[in-house]
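Colleague: predicted model, plus sequence, below.
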Amino acid sequence: MGIKKVKPTTPGRRQAKFDDFADITKTTPEKNLIVIKKKTGGRNAQGKITVRHIGGGAKRYLRKIDYKRDKFDIPAKVVSIEYDPNRGARIALLCYADGEKRYIIAPNKLDIGTTIVSSQHKVKIDTGNAMPVKFIPAGIAIYNVEMIPGRGGKIARGAGNLVHVMGVEEKYAQVKMPSGEIRLIKKECMCTVGQASNPDKRHIKLGSAGRKRHLGIRPTVRGTAMNPCDHPHGGGEGNQSIGLKHPKTPWGKPALGVKTRKRGKFSDKLILNRRKNKKRK
């Protein structure tokens, strides 16, 4: 893909940067691979808002993505590269030799007509091929990586994300996460060779509040702009500092930088080096 700018006819369009969709080859999704996405407005079953700033947005369908890549040893041909409104990366439509069609998260620089395969054994290290991590040489980039074998890819699925394999020892493979964290995963976990597509997404600028509403995101008001009865940061004449020992949520809980990871989580022992070079204690 590429990023394009337009004539600055308004302040919003002056700042905005758009996707040119040059890599999209098909505009309509496969009918048997989509389901309706229901909107919640951030409300639970009782009608109470449990997630703020959600509402509106363009109507969209959910694409059924094959994260497991569990159709083994059957070659598949890449039919098209499509846009998915629910994610930043592109999706690729595969047509298998037996006639079945599936969507996968497309790797970067995947060409139409390419034949790819998924296997539990070692296959060629080509972009789009899927296999267990234990067969990936050190230094090779992978994405859509499983954390638990058979559960489907959970790691590095966003636009432009990738994981680097650092080595395989005994039961585990050592990988470097997109955040910089170094951790162990079981060597039987499936992964896909390459980098998730659309790495230029990070250069897109919305430019206007309207484009934010099209994404289904409602306005967010700063706590310091509120009254004291509405937020712990509120009140004061003119611009004021927070005036507290640490920032708080609207409900008085600590915010901004507070660690939310559960203490003693089972996977702590698999983390060798925390992100931002914070070593495990």
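Modeller: Cool, the structure landed. Numbers count the residues shown, from 1 in each chain.
Colleague: need the pLDDT of the residue lying closest to residue 78 once chain neighbours are set aside.
Modeller: Among residues not flanking residue 78 along the chain, residue 114 sits closest, at 4.8 Å (Cβ to Cβ, 6 or more residues apart in numbering). Yep, even glycine has a C-beta here, placed from its N, CA and C like the rest. For residue 114, the pLDDT comes out at 95.
Colleague: please apply the same query to residue 279.
Modeller: So residue 279 comes in at 50 (pLDDT).
Colleague: same deal with residue 157?
Modeller: The score at residue 157 is 96. That number is its pLDDT.
Colleague: next one: residue 266
Modeller: You'll see residue 266 listed with a pLDDT of 88.
Colleague: so residue 211 sits in a helix?
Modeller: Yes. Per DSSP: H, G, I helix; E, B strand; the rest coil, residue 211 lies within a helix segment.
Colleague: wait, it sits on residue 18?
Modeller: No. Contact criterion Cβ atoms under 8 Å: residue 211 and residue 18 do not qualify, at 9.4 Å.
Colleague: show me the domain layout of this structure.
Modeller: Here the domain parsing of the chain from automatic domain parsing is 3-201, 226-281.
Colleague: got the end-to-end distance for the first one?
Modeller: Terminal residues of domain 3-201 are spaced 8 Å apart (Cα to Cα, to the nearest Å).
Colleague: tally of neighbours for residue 68?
Modeller: 15 (other Cβ atoms under 10 Å).
Colleague: again, but for the one 10 residues further on
Modeller: Counted with other Cβ under 10 Å, the burial measure for residue 78 works out to 20 neighbours.
Colleague: next structured bit after the helix or strand hosting it?
Modeller: In the assignment (DSSP states H and E), residue 78 maps to strand 76-82. Following strand 76-82 in sequence order, the next helix or strand is strand 91-96 (DSSP H and E).
Colleague: counting by contacts, list what the next helix or strand after that next one packs against.
Modeller: Using DSSP H and E, the helix or strand that follows strand 91-96 in sequence is strand 101-105. Counting contacts by 3 or more Cβ pairs under 8 Å, 6 or more residues apart in numbering; DSSP states H and E, strand 101-105 packs against strand 76-82, strand 91-96.
Colleague: one more time with 7 Å, if that's ok
Modeller: strand 91-96 (3 or more Cβ pairs under 7 Å, 6 or more residues apart in numbering; DSSP states H and E).
Colleague: neighbouring contacts of the strand it packs on?
Modeller: 30, 63, 65, 71, 74, 76-82, 84, 101-106, 110 (Cβ atoms under 7 Å, 6 or more residues apart in numbering).
Colleague: just the buried residues from those residues, in ChimeraX please.
Modeller: Only the buried members of those end up in this ChimeraX selection, burial being decided by 16 or more other Cβ atoms under 10 Å:
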select :30,63,65,71,76,78,79,80,81,82,84,102,103,104,105,106,110
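Colleague: what's the helix or strand for residue 14?
Modeller: Per DSSP H and E: helix 11-15 holds residue 14.
Colleague: quick one: name whatever helix or strand follows that helix.
Modeller: Following helix 11-15 toward the C-terminus (DSSP H and E): strand 18-19.
Colleague: that next one pairs with which strands?
Modeller: strand 3-4 (antiparallel) (DSSP bridges).
Colleague: picking up where we left off before, list the buried residues of the helix holding residue 14.
Modeller: Across helix 11-15, burial judged by 16+ other Cβ under 10 Å covers no residue at all.
Colleague: also stretch 7-26?
Modeller: Neighbour-count burial for stretch 7-26 [16+ other Cβ under 10 Å]: 16, 18, 19, 23.
Colleague: endpoints of it, how far apart?
Modeller: 27 Å.
Colleague: again with stretch 180-193
Modeller: 19 Å.
Colleague: again, but for stretch 48-65
Modeller: Stretch 48-65 has an end-to-end distance of 31 Å (criterion: Cα to Cα).
Colleague: which residues touch that stretch?
Modeller: 29, 33-37, 41-44, 84-86, 91, 103-105, 213-218, 220.
Colleague: now do stretch 170-177
Modeller: Taking Cβ under 7 Å, 6+ apart as the rule, stretch 170-177 contacts 133-134, 155, 163-167, 182-187.
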